[in-house]
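# Sharing a model prediction with you, sequence too.
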Amino acid sequence: MNHVAPRPSTILVMHPDPLLRAGLVASLRQFSAFETFVDEGDAVAAGRPRIDVVVTDYDNAMRLAVSFGELSGARILVLTTNDCEVDIRRAIEAGIHGYIVLGGPLDELIEGATSVAAGRRYVSRSVAQRVVDSLTHASLTSREIEVLRLVASGDSNKAIARDLEIKAGTVKSHMTAIMSKLGASSRTHAATIAATRGLVRQRDWTSKPRGQRRVGALAACMSLPPDLLEALAGPLSWCAVALDGCTALCAR
């Protein structure tokens, strides 16, 4: 009786980082179970077979989840540094089939590609731990996440209200709910917990230099333009002390 060898799974690597893309292709091509292609603008008409799995970054994955185009029918495997709890949930809800955070062993990539190609979902160990941990905490609403990200970047309640086009009192209500759900004792504590849990991205937490965050908050308390206050503050030696004294006022 003749046995027909199973068809290799076709993998398309579509990652914007050229070095990472080359490494992914080289790694996947070591395994005969995969037929690996690189997305370099070549069209299906050029002879590429139907793709089973697209290995890509977070942004491309979310775009493909909305519109596959010529890749209709392919499953998506995300390979990213983004371990933000909210973004992981958003990707899964959008229909992403696999999610791997960079930094793990090569086995995760192979297991992920194999599982997704076979029609199963796959998340790497760190992602699984992040998701499981999230189940033990009260969930934040999408608006509370928006407020929390702005708090993490150093914005005052008034600045957040302007950005989100809501009332300052509404921001205060959101912060009360956020601190209660996170078990936080202060705005800074809430932002720290959020960063640890992956509720905010690292770039949200560090989007403004520390001195700029302090100056911006103190400016809101004193009703002064931040650039004027910074000029008056000099090296900001007294600004930090003054900010500590008006933290409660900024939170109102």
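Nice, thanks for sending it over. Numbers count the residues shown, from 1 in each chain.

# make it CA atoms for all contacts and neighbour counts henceforth
Noted.

# Residues contacting the strand or helix carrying residue 130, please?
When elements are defined using DSSP states H and E, residue 130 is found to belong to helix 125-134. Surrounding helix 125-134, the residues in contact under the criterion Cα atoms under 8 Å, 6 or more residues apart in numbering are 83, 85, 88, 99-101, 197.

# and that helix, average pLDDT?
Per-residue pLDDT values over helix 125-134 give a mean of 85.

# Repeat that for stretch 103-120.
The predicted confidence, averaged over stretch 103-120, sits at 94.

# about what we covered before: who wins for most neighbours among the contacts of helix 125-134?
Using other Cα atoms under 10 Å as the neighbour criterion, residue 99 leads the contacts of helix 125-134 with 33 neighbours.

# Looking at the contacts of helix 125-134, which is nearest residue 140?
When the contacts of helix 125-134 are ranked by distance to residue 140 (Cα to Cα), residue 85 comes first, at 11.1 Å.

# Need phi/psi at the residue nearest to the closest one when sequence neighbours are not counted.
Of all residues not flanking residue 85 in the chain, residue 198 sits nearest, at 4.9 Å (Cα to Cα, 6 or more residues apart in numbering). When read as degrees, to the nearest 10, the backbone of residue 198 gives phi 80, psi 20.

# returning to what we had before: using PDB, write out every CA atom in the helix holding residue 130.
Only the C-alpha atoms of helix 125-134 are listed here, as PDB (Å, rounded to 0.1, in the frame of the first residue of the first chain):
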ATOM      1  CA  ARG A 125       4.300  30.300  27.700                       C
ATOM      2  CA  SER A 126       4.700  33.900  28.800                       C
ATOM      3  CA  VAL A 127       1.400  34.900  27.000                       C
ATOM      4  CA  ALA A 128      -0.400  32.000  28.700                       C
ATOM      5  CA  GLN A 129       0.900  33.100  32.100                       C
ATOM      6  CA  ARG A 130      -0.200  36.700  31.400                       C
ATOM      7  CA  VAL A 131      -3.700  35.600  30.400                       C
ATOM      8  CA  VAL A 132      -4.100  33.300  33.400                       C
ATOM      9  CA  ASP A 133      -2.900  36.000  35.800                       C
ATOM     10  CA  SER A 134      -5.500  38.400  34.300                       C
END
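
# helix or strand right after it?
Beyond helix 125-134 toward the C-terminal end (DSSP H and E), the next one is helix 142-152.

# what's near enough to touch residue 52?
Applying Cα under 8 Å, 6+ apart to residue 52 gives the contacts 9-12, 73-75, 117.

# any idea how far it lies from residue 197?
33 Å (Cα to Cα, to the nearest Å).

# hmm, back to that, going by neighbour count, which residues of the helix holding residue 130 are buried?
Judged by neighbour count (16 or more other Cα atoms under 10 Å), helix 125-134 contains these buried residues: 126-127, 130-131, 134.

# what's the helix or strand for residue 12?
With DSSP H and E as the test, residue 12 turns up in strand 9-14.

# helices or strands next to that strand in the packing?
Applying 3 or more Cα pairs under 8 Å, 6 or more residues apart in numbering; DSSP states H and E, we find strand 9-14 packed against helix 18-28, strand 34-38, strand 53-56, helix 106-117.

# Sketch out the low-pLDDT regions of the stretch 101-250 of the chain for me.
201-250 (pLDDT under 70).

# which residues of it fall in strands?
For the stretch 101-250 of the chain, strands defined by DSSP state E, counting those that start in this stretch occupy the ranges 122-123.

# buried subset of the contacts of residue 52?
Neighbour counting by 16+ other Cα under 10 Å classes 9-12, 74-75, 117 among the contacts of residue 52 as buried.

# quick one on the thing from earlier: from residue 89, how far off is the residue nearest to residue 85?
Distance, residue 198 to residue 89, by Cα to Cα: 11 Å.

# okay, those two: which has more neighbours?
When residue 198 is set against residue 89 and neighbours are counted by other Cα under 10 Å, the residue ahead is residue 198, at 19 against 12.
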